[in-house]
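# coords please:
(one chain, ligands or ions: 2)
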Amino acid sequence: GNQWGYGKDDGPSAWNTNYPVADGDRQSPIDILPHQARHDPNLGPIVLNYDRCTSINIANNGHSVVVEFEDSDDRSVIQGGPLDNPYRLKQFHFHWGGKGCHGSEHTVEGNSYASELHLVHWNAVKFKTFGEAASTSDGLAVLGIFLETGDEHRWLHMITDALYTVKFKGSVTDFKGFNPKCLLPSSLHYWTYLGSLTTPPLHESVIWIVVKEPMIVSEKQLGKFRTLVFTGEEEDERTRMENNFRPPQLLKGRTVRSSN
Ligand SMILES: C[C@H](CNC(=O)c1ccc(S(N)(=O)=O)cc1)Cn1ccc2ccccc21
Ligand SMILES: [Zn+2]
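Ligands and ions are numbered 1, 2, ... in the order given. The predicted model follows:
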């Protein structure tokens, strides 16, 4: 099939071969210029109702580590801000760099963060399935949170302690009772713009909500993400999972709005 990755031959610069939308008009991520963002007083706060969220498993899909949620009802939704409907939490995952390098996808005035967390939600009011929402304009809302290195994050160990169970591509293990609300920074002020999935198939279906305040994690915690490998247990080469980020794409005239 359309094998893609983050290497020299199958990485972001080659994606447009199998996914021509890679050169489209609303691709993500982007470099955010705060002074050029339009402050919109009509942009209300983001509201997260995760209190009854149900995490199911944690998996290595060969591109990142993903925690999946039960999304058969509105038990965990995001609403408000730029969103006209509540969007259901489907999964969250991370993008990160190599040791001492940066690995966020969005950048701010050309500056990268160490990593970026994506909480992926879909519009179950307008669409019957995640797949349908993922391939239709504004079917998805992704909340992006930057990770910056500093003190240890008091709750991230719940994720990093499980990473050894999903070292290889294709591994999945139970991961119940985790509420990602514990990962969020204190302020949810954000930038928002219309964009895309940042990995193939790169569908232009995402309302991006990028939180301004980063969460702080320790270098040691971040290093545990790099113990994962892109490759399957049966493959002989072990390629460390790191630098799984797409670089910023052209804005092509889009407006980035800013909550207060
Ligand atoms: C498009 C989908 C696979 N891709 C994603 O779900 C996805 C989500 C978020 C991002 S990011 N980095 O922009 O936040 C990137 C890719 C395949 N797919 C199609 C139907 C479907 C049903 C269940 C699961 C996956 C499914
Ligand atoms: Zn992502």
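# only C-alpha atoms for contact and neighbour calcs from this point on.
Fine.
# would you map the strands across the stretch 1-150 of the chain?
31-32, 38-39, 46-49, 55-60, 65-69, 77-80, 87-96, 107-108, 115-122, 140-149 (DSSP state E, counting those that start in this stretch).
# now these as JSON lines including mean neighbour count?
Converted to JSON lines, those look like this (neighbours: other CA atoms under 10 Å):
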{"stretch": "strand 31-32", "mean neighbour count": "20"}
{"stretch": "strand 38-39", "mean neighbour count": "14"}
{"stretch": "strand 46-49", "mean neighbour count": "16"}
{"stretch": "strand 55-60", "mean neighbour count": "22"}
{"stretch": "strand 65-69", "mean neighbour count": "22"}
{"stretch": "strand 77-80", "mean neighbour count": "20"}
{"stretch": "strand 87-96", "mean neighbour count": "24"}
{"stretch": "strand 107-108", "mean neighbour count": "16"}
{"stretch": "strand 115-122", "mean neighbour count": "25"}
{"stretch": "strand 140-149", "mean neighbour count": "25"}
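# mean pLDDT and distance to ligand 1 for these - can I get that in a markdown table?
A markdown table is the format used below for these (pLDDT from 0 to 100; distance: least, CA to the nearest ligand atom, whole Å):
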| stretch | mean pLDDT | distance to ligand 1 |
| --- | --- | --- |
| strand 31-32 | 98 | 15 |
| strand 38-39 | 97 | 23 |
| strand 46-49 | 97 | 17 |
| strand 55-60 | 98 | 12 |
| strand 65-69 | 98 | 9 |
| strand 77-80 | 98 | 15 |
| strand 87-96 | 98 | 7 |
| strand 107-108 | 98 | 14 |
| strand 115-122 | 98 | 5 |
| strand 140-149 | 98 | 6 |
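# need those in JSON lines (columns: distance to Ile207).
Shown next, in JSON lines, are those (distance: least, CA to CA, whole Å):
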{"stretch": "strand 31-32", "distance to Ile207": "15"}
{"stretch": "strand 38-39", "distance to Ile207": "16"}
{"stretch": "strand 46-49", "distance to Ile207": "13"}
{"stretch": "strand 55-60", "distance to Ile207": "23"}
{"stretch": "strand 65-69", "distance to Ile207": "20"}
{"stretch": "strand 77-80", "distance to Ile207": "12"}
{"stretch": "strand 87-96", "distance to Ile207": "11"}
{"stretch": "strand 107-108", "distance to Ile207": "17"}
{"stretch": "strand 115-122", "distance to Ile207": "10"}
{"stretch": "strand 140-149", "distance to Ile207": "5"}
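# quick one, which of these is nearest to Val172?
strand 55-60 (4.2 Å; CA to CA).
# what strands flank the closest one, and is each parallel or antiparallel?
Strand 55-60 has the following strand partners under DSSP bridges: strand 65-69 (antiparallel), strand 172-174 (antiparallel).
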